[in-house]
Structures are given as structure tokens and as C-alpha cells.
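Student: pasting a predicted model and its sequence here:
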Amino acid sequence: AQSVTQLDSQVPVFEEAPVELRCNYSSSVSVYLFWYVQYPNQGLQLLLKYLSGSTLVESINGFEAEFNKSQTSFHLRKPSVHISDTAEYFCAVKNRQAGTALIFGKGTTLSVSS
Amino acid sequence: DTAVSQTPKYLVTQMGNDKSIKCEQNLGHDTMYWYKQDSKKFLKIMFSYNNKELIINETVPNRFSPKSPDKAHLNLHINSLELGDSAVYFCASSQDSSGKQYFGPGTRLTVL
């Protein structure tokens, strides 16, 4: 079984400040790792994913996450946030076996203000 | 074209009623899912179908019955609706074991 812990339920930051959203996971098997973003009143969009290879993965809008196997973490970072980054961010894990579902953390609300 | 679509987007109904939510994906994916997002925004898997066959059935009341007429559709029927069923229900699909899932826009169900 897998579980995901997002350590911060809410993260308020000012525009252009750096941000880190923390995610730790627990699993007895190898997993894939994901960050999804949910903008207000919308569905979920994949932000980035770690499947294998380089432990640092990047998204097209400036976010990055680093897989740390020893600490079982997959923290999300952005060096300078915009107001448009205000959203709910979900960390998720998935058993590498086909047909298994995503296990989500409880989400972190990122609020960016000017 | 929308990759994963759901209808309706909003559904308001009385306790005790039976309702259905429909999901369609035009991505050619083999696997489809239903997730429930509660009022605290917590997302949890309910069901998963692969090529019309049920492969995941989490601890969900048997009032919820998924139906997959073909691999592009996964509908969710709910009998005897209860107040606690109020939530946003998301459909998703994926093709391979890597896990990238495409989500629909969600259906906000409100039971009065």
C-alpha cells in the first residue's frame, strides 16, 4: 500500500517569492511520482512526473521537483511565483503495475498575493 | 476537442433519488477511472476499468455502480442518494502503466 503526506495544507506567499511545497510518500514497492495542479473550479492537470532517470524534473511553467529516494520525498519548487500560480497542488504516487490508481495527498493550497 | 468529457457539470438533486454521471474519452485509452473529491478537496479512487473490465473497486457503497459500455465510456450510476454523496466526481483515463492520467472537468453533485 502507498500513502502520501503533504506537509503544508496552505502556503501563502508574495508574488515573485520562491516557494516549496513539500511531499513525502510511503510505499513498499517502487512507484511513479506526480504533481497535479487544480485551478479554481477546474479539473486536475498534470504538472510534472518522475518515472525514472534524472531525479530532477521540470515543468514548462517554471516548477521543478526532485525525487529523493532516501528521504522518500518529492518536493515541488518554484524560484519566483506569479499570482496565476494560485491553485491547489496535489502530490500523488502510483504503483508501477499497470491498472493501479493514483494515491493522492490531501493537497496544498498555494495563495500568491501582490 | 475535449480529451475527457463529463456530463453533467453540475447536478443538484434530492436525497433518495437515483442519478447518473457520464464520462467519455476520445484518447483511445484502455483504462478509465472514477475519483471522488470531498468538501476538503481530498481525492480518492473509487473505481477503475480496463477494456470494459472492472479492475479496481475501492470501499465504496454498493449504491454506486459503474458501467462501461465500451472502452471509451465509463458511467457512474448512484442509487438512493445521500447527503454525504455531495462531492465533485472526476473521471480520468490512461493508456499505459506510467500512470499519466487525463482528468475530466468534474461533476459537482449536490444532494439536498
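Tutor: Cool, the structure landed.
Student: distance check, the spatially most central residue of chain A against chain B.
Tutor: For chain A, the residue nearest the mean C-alpha position is residue A:35 (3.3 Å; Cα atoms, centre = their mean). Per Cβ to the nearest Cβ, to the nearest Å, residue A:35 is found 12 Å from chain B. Quick note: C-beta positions are derived from backbone N, CA and C, even for glycine.
Student: wait, doesn't that residue sit right on residue A:61?
Tutor: No - Residue A:35 lies out of contact with residue A:61 (Cβ atoms under 8 Å); the separation is 11.7 Å.
Student: only alpha carbons, please: show stretch B:5-18 as CSV.
Tutor: Extracted in CSV, the C-alpha atoms of stretch B:5-18 (Å, rounded to 0.1, in the frame of the first residue of the first chain):
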residue,chain,number,x,y,z
SER,B,5,-15.6,14.9,-21.0
GLN,B,6,-18.2,14.5,-18.3
THR,B,7,-21.9,15.3,-18.2
PRO,B,8,-23.4,17.0,-16.4
LYS,B,9,-21.1,19.5,-15.0
TYR,B,10,-23.5,20.3,-12.1
LEU,B,11,-26.1,18.0,-10.6
VAL,B,12,-28.4,19.1,-7.9
THR,B,13,-30.9,16.5,-6.6
GLN,B,14,-32.9,15.4,-3.6
MET,B,15,-32.0,12.7,-1.1
GLY,B,16,-33.2,9.3,-2.2
ASN,B,17,-33.1,9.9,-5.9
ASP,B,18,-31.1,7.9,-8.5
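Student: so what are the sheet partners of the helix or strand of chain B with the lowest mean pLDDT and their directions?
Tutor: Lowest on mean pLDDT, DSSP states H and E among the helices and strands of chain B sits strand B:53-57, with a mean of 83. Paired with strand B:53-57 in the same sheet, following DSSP bridges, are strand B:43-50 (antiparallel).
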